[in-house]
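Student: Please find the sequence and the predicted model below.
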2 protein chains.
Amino acid sequence: MNASSPPGMSQPPRPLPAEMLAQLQARFGAQLSTAAAVRQQHGRDESPFDVPPPDAVLFCHSTEDVAEAVRLAAQHKVPVIPYGAGSSLEGHLLAVQGGLSLDLSRMSQVLALQPEDLTVTVQAGVLRSQLNQAVRHAGLFFPIDPGADASIGGMTATRASGTNAVRYGTMRENVLGLTVVTAQGEVIRTGTRARKSSAGYDLTRLLVGSEGTLGVITDITLRLHPLPEHVAAAICSFPDVASAVQTTIALIQMGVPIARCELMDAHAVRAVNARDHLGLKESPLLLMEFHGSPAGVAEQTAVAQELAREHGGEDFQWATTPEERTRLWAARHHAFFSTLQMRPGSRAITTDACVPISRLAENVVQALEEAAATGLPHAAVGHVGDGNFHMIYLIDPAQPEEREVVEQLNERLVRRAIASGGTCTGEHGIGLHKQGFLREEAGEGGVAMMRALKAALDPHQILNPGKIFQA
Amino acid sequence: MNASSPPGMSQPPRPLPAEMLAQLQARFGAQLSTAAAVRQQHGRDESPFDVPPPDAVLFCHSTEDVAEAVRLAAQHKVPVIPYGAGSSLEGHLLAVQGGLSLDLSRMSQVLALQPEDLTVTVQAGVLRSQLNQAVRHAGLFFPIDPGADASIGGMTATRASGTNAVRYGTMRENVLGLTVVTAQGEVIRTGTRARKSSAGYDLTRLLVGSEGTLGVITDITLRLHPLPEHVAAAICSFPDVASAVQTTIALIQMGVPIARCELMDAHAVRAVNARDHLGLKESPLLLMEFHGSPAGVAEQTAVAQELAREHGGEDFQWATTPEERTRLWAARHHAFFSTLQMRPGSRAITTDACVPISRLAENVVQALEEAAATGLPHAAVGHVGDGNFHMIYLIDPAQPEEREVVEQLNERLVRRAIASGGTCTGEHGIGLHKQGFLREEAGEGGVAMMRALKAALDPHQILNPGKIFQA
């Protein structure tokens, strides 16, 4: 695999025919754009691939807009690629076979909030920051927080998680229902507002994480959570990564309901220090957060402090004010971009393995050792309470051999994760980059089942073709 | 719909041909039975349907046994119906189109326990009681507890939950991976032991709740939970059902992490008193359980007691010893059978609606009023923290008009639940009985998508045909 030809491009492009363009223009007027700048913007994400942009971009305002566009695309057998905030790390929004980008960012309404049920329904283009602002007055929050300020539609389509997943789950656990436009341009509703259901196949969970390949998600009903009565955050430095991870393992095994437990290695700490001027000790650290009643939080933190000390942790520091907490978590959320800035002009290749927690320390330590041996700049961050960690490798895009080296590191890392009973991707998705790994992880039989599902729901391969696997 | 012809029987039966029987006998010897008593036993569950039994029963010992049987069935296009503990309430295991019952109860091994990762892998025939015995020594437990001592395979196939779901989730949240025999007789593995993954379609969640219609689940990897350090259980009587439900709503909205919160109406209390001699006050009650550290439990229970008092709760009683707790929960688990005994010779029709919690009180109260108006014996129990409640109606099987009356009650109840944003089944599944409700809930478009998935994975309709929807 190399930057210029990701796997999805093995199929010939299916450009938008003039007739369809005319139909779109007649129906949508100024909502449709074929301007080079707009197309370029919709043909790039945070992945390292360079591919031609989509043929046109449609700014959708409603589910009905999406349905009409998909019906036209179905008629002409042209790809449609949903676009949210453009923050994919895996090439999800790249038009590898040409076609129409469906920009959902203007579908940004919070449609219904039911505080008494802890549920909300939002359009797909709502950003996670916007959602949290909209529900805060009701004493509620939505815990899923990928690094970027992603759209809820994109987070649903990639089964995103983030720093709170160890306590609150991922999009898998927090999506209750969806409105979806099928490949035939029909609108269906999956799930209900009930917290659980045994009513037939779990279409909601099938669509969560389907990366736009089984339907276009246009609105999402989510579970919300009460804002915790009390929150405490702490950082603790460790002599090495293994000790930090062992502390995490002990916390999980004791059943401490820790809300967030994030690892940064010394490189990552250095990067966030440089960008956000935090003055953190530049050794591996855990960034922890505890939610609950004041007494409950006190109890949790006492256990955490004790376990950290047993594992060589030092400089246990509390972030006592909301401002301090926000600053620390912002730094953590910026870790990807802060690291990127450590090598101006570079591109980042990130890994996303997730392993059973007992195997986490060895997996992280070996990945770091192998990265160090190459001499390339890198950093490690991790949602270690889930067993999920990210290596960030910085490469010079002008030097293809650096990319080769990193791809080899990545391969070794993923094979080790799979051999440990883990997965090649905890939260970023397969997209273009991990299709080979998916075959190793799910087996040919598993991928064959996925292919059969895709063929059943999208026989003409118009929904984000070339992603996850090749048809 | 009536007892003698459930919907799945609209298709002609496809009995086991002599050639296939001979092949099965040659391969499996004494594992195969065509004895009338064995077939009868595998042709009855806790549902109210009477249909002819399967043509033969195969006692499977391994995934390979299942795969070989399914390959033969595929060759002859004969139905296979997985059988676990036989405790389905919805006719899941009835051979409505004839065929081979695959009894998995002898696949009862705990295959691997990883206490440090809080995971376990079990064969499909392991019972939930057996699983809990097997993991207890490691300080762990599996929280999902349907009323019956069901098999883990059956619980997975019906997306079961039970009394602990309000805190620990359902099978949807607690199944990490599966071994599945496909309709082609191939063995695939879904999921990993990692706590989360974004690797392609969520085959695990698609199969959880698929009621044996997309694959035969032969082993299951589950999340376990640390046994709580401290447990407290309490019962509290209320002047009416609405007050009990309002107390529950307040608890959930305040974010109290209650582990169990069960409602019994006065009829259900009378039934368990009669069977288990508990001497409970025969008015609506909540049966609550709190898990955590001693201080955390004290805090939760103080809030619960205060909220109960505000809503007219009285006789707040603690079950302080493990024996007392076990006795109370056993009574709750026996509520179905205890109620059945209130009318000797009767059959029970149960409902399983689940609604957003803000709509729960009105849904339960109206269901009870409508039931009372018919004069038929009934009771209500509910996992009210989830918004899930069960009406149990007792009918005389010799009087078809009673069944008619109850079906009308059920219809009104389910329509009200769906109109409230809820589901026709929280945990029992669709089976034979709720296919019409599924269409109302998911819409024709949703059911059409389910049908397309079924046709893709099981083109010859051999996997438990006639269940969930008609092909």
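Tutor: All right, it came through fine.

Student: How many residues are close by A:G279?
Tutor: If you count neighbours by other Cβ atoms under 10 Å in any protein chain shown, A:G279 ends up with 7. The C-beta positions use only the backbone N, C-alpha and C, and glycine is treated the same way.

Student: what secondary structure does the closest residue to it other than its chain neighbours sit in?
Tutor: Among residues not flanking A:G279 along the chain, A:N273 sits closest, at 6.6 Å (Cβ to Cβ, 6 or more residues apart in numbering or on different chains). Look at A:N273: counting by DSSP: H, G, I helix; E, B strand; the rest coil, its state is helix.

Student: Flag every buried residue along the longest helix along chain A.
Tutor: Ranked by residue count under DSSP state H, the longest helix found in chain A is helix A:435-457. Buried residues in helix A:435-457, counted by 16 or more other Cβ atoms under 10 Å in any protein chain shown: A:435, A:437-438, A:440-443, A:446-454, A:456-457.

Student: and chain B, which of the residues you listed contact it?
Tutor: Subset of these in contact with chain B: A:437-438, A:441-443, A:446-447, A:449-450, A:452-453, A:456-457, counting by Cβ under 8 Å from any Cβ of the partner chain.

Student: and of those residues, the nearest to chain B?
Tutor: A:A456 (3.4 Å; Cβ to the nearest Cβ).

Student: show me the contacts for the closest one.
Tutor: Going by Cβ atoms under 8 Å, 6 or more residues apart in numbering or on different chains, A:A456 touches B:452-453, B:455-456.

Student: farthest-separated two in the residues you listed?
Tutor: B:L453 and B:A455 (7.4 Å; Cβ to Cβ).

Student: So what's the predicted local confidence for A:S4?
Tutor: Looking at A:S4, its pLDDT stands at 48.

Student: Give the bridge partners for A:G382, please.
Tutor: Judged by DSSP bridges, the bridge partners of A:G382 are A:L263, A:F389.

Student: Secondary structure element for the closest residue to A:L413 other than its chain neighbours, which one?
Tutor: Spatially, and ignoring its direct neighbours in sequence, A:L413 is nearest to A:A367 (4.8 Å; Cβ to Cβ, 6+ apart). Counting by DSSP states H and E, the element that carries A:A367 is helix A:360-374.

Student: buried ones in that helix?
Tutor: A:360-361, A:363-364, A:367-368, A:370-371.

Student: Is stretch A:335-355 in proximity to chain B?
Tutor: Yes. Counting by Cβ under 8 Å from any Cβ, chain B is contacted by stretch A:335-355 at A:352, A:354-355.

Student: Adding pLDDT and secondary structure, write those out as TSV.
Tutor: Converted to TSV, these look like this (pLDDT from 0 to 100; DSSP: H, G, I helix; E, B strand; the rest coil):
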residue	pLDDT	secondary structure
A:D352	97	strand
A:C354	98	strand
A:V355	98	coil
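
Student: out of those, who has the most neighbours?
Tutor: Highest neighbour count within the residues of stretch A:335-355 next to chain B, by other Cβ under 10 Å: A:C354, with 31 neighbours.

Student: Pull the number of nearby residues for the residue nearest to it when sequence neighbours are not counted.
Tutor: Once flanking residues are discounted, A:C354 sits nearest to A:G426: 3.2 Å by Cβ to Cβ, 6+ apart. Residue neighbour count, defined by other Cβ under 10 Å, stands at 31 for A:G426.

Student: phi, psi of A:G426?
Tutor: phi -80, psi -30 (degrees, to the nearest 10).

Student: what's it in contact with, if anything?
Tutor: By Cβ under 8 Å, 6+ apart, the contact set of A:G426 is A:161, A:352-354, A:383, A:386-388, B:194, B:196-198.

Student: How about A:A373?
Tutor: Counting by Cβ under 8 Å, 6+ apart, A:A373 has no contacts.

Student: what's the pLDDT at it?
Tutor: 98.

Student: any idea how far A:H267 is from it?
Tutor: Counting by Cβ to Cβ, to the nearest Å, the gap from A:A373 to A:H267 is 14 Å.

Student: before we move on, what about A:A232?
Tutor: If you measure A:A232 against A:H267 using Cβ to Cβ, the figure is 27 Å.

Student: if we can go back for a sec, now the longest helix of chain A and helix B:435-457, what's the angle there?
Tutor: Counting by axes from the mean of the first three to the mean of the last three Cα atoms, to 10 degrees, helix A:435-457 lies at 120 degrees to helix B:435-457.

Student: gap between helix A:435-457 and the chain center?
Tutor: Helix A:435-457 has its C-alpha centroid displaced from the chain centroid by 20 Å (Cα atoms, centre = their mean, to the nearest Å).

Student: Looking at that helix now, give me its mean pLDDT.
Tutor: The pLDDT scores in helix A:435-457 average 97.

Student: So which residues of the stretch 201-350 of chain A form strands?
Tutor: A:216-223, A:225-226, A:230-237, A:260-264, A:285-292, A:314-319, A:347-350 (DSSP state E, counting those that start in this stretch).

Student: For A:E401, find the nearest of the ones you listed.
Tutor: Nearest to A:E401, of the strands of the stretch 201-350 of chain A and by Cβ to Cβ, is strand A:347-350 at 13.5 Å.

Student: Could you list every helix and strand in contact with the closest one?
Tutor: Applying 3 or more Cβ pairs under 8 Å, 6 or more residues apart in numbering or on different chains; DSSP states H and E, we find strand A:347-350 packed against helix A:335-340, strand A:388-395, helix A:400-419.

Student: Deepest-packed of the ones you listed, please.
Tutor: Comparing the helices and strands packed on strand A:347-350 by mean neighbour count (mean count of other Cβ atoms under 10 Å in any protein chain shown), strand A:388-395 comes out on top with a mean of 26.

Student: list the contacts for A:Q109?
Tutor: By Cβ under 8 Å, 6+ apart, A:Q109 lies in contact with A:122-123, A:126.

Student: how about it, phi and psi?
Tutor: With angles defined as degrees, to the nearest 10, A:Q109 sits at phi -100, psi 140.

Student: What separation do you get for it and B:F389?
Tutor: Taken as Cβ to Cβ, the span from A:Q109 to B:F389 is 33 Å.

Student: now do A:M449
Tutor: Taken as Cβ to Cβ, the span from A:M449 to B:F389 is 36 Å.

Student: Repeat that for A:L102.
Tutor: Per Cβ to Cβ, A:L102 is found 41 Å from B:F389.

Student: Over to the spatially closest residue to A:A95 that is not a sequence neighbour. Which of the three states is it?
Tutor: If the residues on either side of it in the chain are set aside, A:A95 comes closest to A:P54, at 3.8 Å by Cβ to Cβ, 6+ apart. Three-state call for A:P54 (three-state DSSP): coil.

Student: residues in contact with A:P54?
Tutor: By Cβ under 8 Å, 6+ apart, the residues touching A:P54 are A:39, A:42-43, A:81, A:95, A:98-101.

Student: Can you pull the residues of the stretch 251-400 of chain A lying near chain B?
Tutor: Residues of the stretch 251-400 of chain A lying close to chain B by Cβ under 8 Å from any Cβ are A:252-255, A:257, A:292-293, A:295-296, A:299, A:352, A:354-358, A:386-388.

Student: hmm, back to that, only C-alpha atoms, please: export the helix holding A:A367 in PDB.
Tutor: The C-alpha coordinates for helix A:360-374 follow below in PDB (Å, rounded to 0.1, in the frame of the first residue of the first chain):
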ATOM      1  CA  LEU A 360      -1.600  -3.800  27.200                       C
ATOM      2  CA  ALA A 361       1.700  -3.100  28.900                       C
ATOM      3  CA  GLU A 362       3.700  -5.500  26.700                       C
ATOM      4  CA  ASN A 363       1.900  -4.200  23.600                       C
ATOM      5  CA  VAL A 364       2.700  -0.500  24.300                       C
ATOM      6  CA  VAL A 365       6.200  -1.100  25.500                       C
ATOM      7  CA  GLN A 366       7.200  -3.200  22.400                       C
ATOM      8  CA  ALA A 367       5.600  -0.600  20.100                       C
ATOM      9  CA  LEU A 368       7.700   2.100  21.700                       C
ATOM     10  CA  GLU A 369      10.900   0.100  21.600                       C
ATOM     11  CA  GLU A 370      10.400  -0.700  17.900                       C
ATOM     12  CA  ALA A 371       9.600   3.000  17.100                       C
ATOM     13  CA  ALA A 372      12.700   4.200  19.000                       C
ATOM     14  CA  ALA A 373      14.900   1.800  17.000                       C
ATOM     15  CA  THR A 374      13.900   3.500  13.800                       C
END
